[in-house]
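Undergrad: I'll drop the sequence and a predicted model, then ask my questions.
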Amino acid sequence: MRTPLVVLVTALVVSACAVDTASPARAAERFHAALSAHQEEAACGMLARKTADKLPDPGQTCADALRELRLGPGGRVTEVSVWGQEAQVRLAGDTLFLHRFTDGWRIKAAGCEPVRDLPYDCEVDD
Amino acid sequence: MRWLKENSLALAFLIMFLLAVGGQAVAGMMEFNDQQLAEGAEPVSLLHYVASSAYAVNVAENWQSEYLQFFLFIMLTVWLVQKGSPESKQPHMAGAESDKDQQIGRYAGDHSPRWARARGFRLWLFSNSLGLVMGTIFLLSWLAQSVAGQAAYNAERLGDLRDPVSWGSYITSPEFWDRSLQNWQSELLAVLSMVVLSIYLRQRGSPESKPVGAAHTATGVEG
């Protein structure tokens, strides 16, 4: 009688604690895939709204701004950290920061370089 | 009705606790959502907030300090005394006291708990059960604070475009110790105030106070 209860509780605890790292990793890969395919409009659609609003200079579209930045290739995923609604995805050629919205993970910052003990210096951020 | 009266102290604190912890959840969610909107993120539901590390760390950091306070008070008052305080024993009683004073073993009465009549480990465990339970709850709450605190801290760091930190780094970070010490200092000051003020001040009818007419030098007398 007790065994199913233990299994159920364990399953609930494990599922509650399991962190989904695949979704932010996929979002980061899709963003870089869109950039590589010169689909900047699509890449802009993957940005968090605050980031997309901040990116273009006056008179410029988000896609123009992304095109101008010429972010390098992302490459394969090397590490994913997810804490709460925030994630960091390290690719071989880039580090991205993402936020989880109700419609899924969106890119908050990309083209990021580490700065010792300080926030990353990002080409695209909010 | 009689049951309610005989348990009114515990019930009153239980009701106040539930109201306070619920109020903390609502107020915390509103503050959290205010921050979320400022950062371009979406507001969260109450259920989502109470399951978050942000709420958990705020609850746990207060719990650990309260249980630490009572654990220290229970344990230190075995050996340390304060002349004139109703919170202290008489100075000559300092220590674990005799079996006769503690009504254990062959000195246990008919109504003594069964484990007070026992010997060996069971008697030791029961003799120290209050301190052990309070100390264990303190350690578990502090552990919970460190785990939830790391999660909340890392979410904040990622939001600020910084690398997350390990649990080991978190428990040696200023953030963890700031949260811990700011709670400890207030608890320790409250106990100090209680021990010292109750030497000279009275609250008529309260067992936490000496009787109003008791001398300032009277120690271990409760009204």
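TA: Good, I have the coordinates.

Undergrad: who in chain A is up against chain B?
TA: By the rule CB under 8 Å from any CB of the partner chain, the part of chain A lying against chain B is A:48-50, A:81, A:83-88, A:97, A:99, A:101-102, A:108-109, A:112, A:114, A:118-120, A:122, A:125-126. All C-beta atoms are positioned from the backbone trio N, CA, C, and that covers glycine.

Undergrad: Can I get the buried ones among the residues you listed as something I can paste into PyMOL?
TA: In PyMOL, this line selects whichever of the residues of chain A next to chain B come out buried by 16 or more other CB atoms under 10 Å in any protein chain shown:
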select buried, chain A and resi 48+50+81+83+84+85+86+87+88+97+99+108+109+112+119+120+122+125+126
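
Undergrad: What separation do you get for A:Gly84 and A:Arg100?
TA: A:Gly84 sits 8 Å away from A:Arg100 when distances are taken as CB to CB, to the nearest Å.

Undergrad: Repeat that for B:Trp115.
TA: 52 Å.

Undergrad: Spatially nearest residue to A:Asp20 (excluding sequence neighbours)?
TA: Excluding the flanking residues, the one nearest A:Asp20 by CB to CB, 6 or more residues apart in numbering or on different chains is A:Val82, at 6.9 Å.

Undergrad: which residues does that neighbour contact?
TA: Neighbour list for A:Val82: A:19-21, A:24 [criterion: CB atoms under 8 Å, 6 or more residues apart in numbering or on different chains].

Undergrad: Pull out the buried members of the residues you listed.
TA: A:Pro24.

Undergrad: As a markdown table, the contacts of A:Val82 with secondary structure, pLDDT and distance to B:Gly205 would be great.
TA: Shown next, in a markdown table, are the contacts of A:Val82 (DSSP: H, G, I helix; E, B strand; the rest coil; pLDDT from 0 to 100; distance: CB to CB, whole Å):
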| residue | secondary structure | pLDDT | distance to B:Gly205 |
| --- | --- | --- | --- |
| A:Val19 | coil | 86 | 54 |
| A:Asp20 | coil | 90 | 58 |
| A:Thr21 | coil | 93 | 60 |
| A:Pro24 | helix | 96 | 61 |
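
Undergrad: ranges for the strands of chain A?
TA: A:77-83, A:86-91, A:95-101, A:104-115, A:118-124 (DSSP state E).

Undergrad: can you give me the end-to-end distance of stretch B:44-61?
TA: 22 Å (CA to CA, to the nearest Å).

Undergrad: Outside of that stretch itself, list whatever touches it.
TA: Outside stretch B:44-61, the residues that touch it by CB under 8 Å, 6+ apart are A:83-84, B:21, B:24-26, B:28-29, B:32-33, B:36, B:141-142, B:144-145, B:148-149, B:151-152, B:155, B:179-180, B:183.

Undergrad: Among those, name the buried ones.
TA: Among the contacts of stretch B:44-61, those classed as buried by 16+ other CB under 10 Å are A:83-84, B:25, B:28-29, B:32-33, B:36, B:141-142, B:144-145, B:148-149, B:151-152, B:155, B:179-180, B:183.

Undergrad: Return the residues in contact with residue 37.
TA: Going with chain A. Neighbours of A:Ala37 in contact, by CB under 8 Å, 6+ apart: none.

Undergrad: Chain B was what I was after
TA: B:Pro43.

Undergrad: measure it to B:Val212 for me?
TA: Plainly put, B:Leu37 is 55 Å away from B:Val212 if you go by CB to CB.

Undergrad: And the residue nearest the centre of chain A?
TA: Taking CA atoms, centre = their mean as the criterion, A:Leu98 is the residue nearest the geometric centre of chain A, at 3.4 Å.

Undergrad: Any idea what it is bridged to?
TA: Per DSSP bridges, the residues bridged to A:Leu98 are A:Ala87, A:Ile107.

Undergrad: Test for you: state the pLDDT assigned to it.
TA: You'll see A:Leu98 listed with a pLDDT of 97.

Undergrad: Ok, the one 5 residues further on next?
TA: Confidence per residue is given as pLDDT, and for A:Asp103 that number is 93.

Undergrad: Give me the phi and psi for it.
TA: The phi and psi values for A:Asp103, taken as degrees, to the nearest 10, are phi -90, psi 10.

Undergrad: can you map out the strands along chain B?
TA: For chain B, strands defined by DSSP E do not occur.

Undergrad: Tell me, domain by domain, which residues of it belong where.
TA: Following automatic domain parsing, one gets these domains for chain B: B:1-51, B:60-95+B:130-223.

Undergrad: winner for burial among those?
TA: Among the domains of chain B, domain B:60-95+B:130-223 has the highest mean neighbour count (mean count of other CB atoms under 10 Å in any protein chain shown), at a mean of 16.
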